[in-house]
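Asker: predicted model follows, preceded by the sequence.
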Amino acid sequence: MTATLRISDLAEGILAFGLADLLEILGEAAVKSTWRCEVGEFVPKPGVKYLREAWDAMAVVDGAILFQVAANTLQVCSGRFEAFATGSPHPWLTLEAFESTWWEITSTDEDTLLAIEPCFKSVERIERAE
């Protein structure tokens, strides 16, 4: 079974967190995963160059590399990141950014969602038919 959290914590009208924050919360599980990445719009941190090239080159990447690129990104405005455990054809986690308005985190691992939930103020569980 999968469940989804929609997180929309704002600070001064913009999202108060980004991909790097979500990866940090996920910790070692994110580092050990292989990620399929699709990034539309994003905002680089000041002074960072060649970030578009980095994101475009990252169709599939290991977690450590994703951490590095995310650390140079102020905000992913639209994008989807699927985490795969070694040898699994199905993602155990999906992070999806929606137009700088919210992130949705979908996982087959309820413990992961329970670890993420208390880290944010504006969290909603989304029920979806499978």
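Answerer: Arrived safely. Residues are numbered from 1 along each chain as shown.

Asker: helix, strand, or coil at the residue of the chain positioned farthest from its centre?
Answerer: Among the residues of the chain, the one whose C-alpha is farthest from the average of all C-alpha positions is residue 47, by Cα atoms, centre = their mean at 22.7 Å. At residue 47, secondary structure determined by DSSP: H, G, I helix; E, B strand; the rest coil is coil.

Asker: what packs against the helix or strand of the chain with the lowest mean pLDDT?
Answerer: Comparing helices and strands within the chain by mean pLDDT, DSSP states H and E singles out helix 51-56 as the least confident, with a mean of 86. Using 3 or more Cβ pairs under 8 Å, 6 or more residues apart in numbering; DSSP states H and E as the contact criterion, the secondary-structure elements in contact with helix 51-56 are strand 34-39, strand 42-44, helix 63-71. Glycine gets a C-beta too; all of them are placed from N, C-alpha and C.

Asker: what angle do the last one and strand 34-39 make?
Answerer: Same thing as helix 63-71. Helix 63-71 runs at 30 degrees relative to strand 34-39, counting by axes from the mean of the first three to the mean of the last three Cα atoms, to 10 degrees.

Asker: what residues of helix 63-71 count as buried?
Answerer: 63, 66-67, 69-70 (16 or more other Cβ atoms under 10 Å).

Asker: partners of the helix or strand following that helix, with directions?
Answerer: Scanning forward in sequence from helix 63-71 by DSSP states H and E, the next helix or strand is strand 73-76. Each strand paired with strand 73-76, and its direction, by DSSP bridges: strand 42-44 (antiparallel).

Asker: so where's the protein uncertain?
Answerer: Scanning the chain for pLDDT under 70 picks out 1, 128-130.

Asker: switch to 80 and redo it
Answerer: Scanning the chain with the threshold set as pLDDT under 80 gives 1, 58, 127-130.
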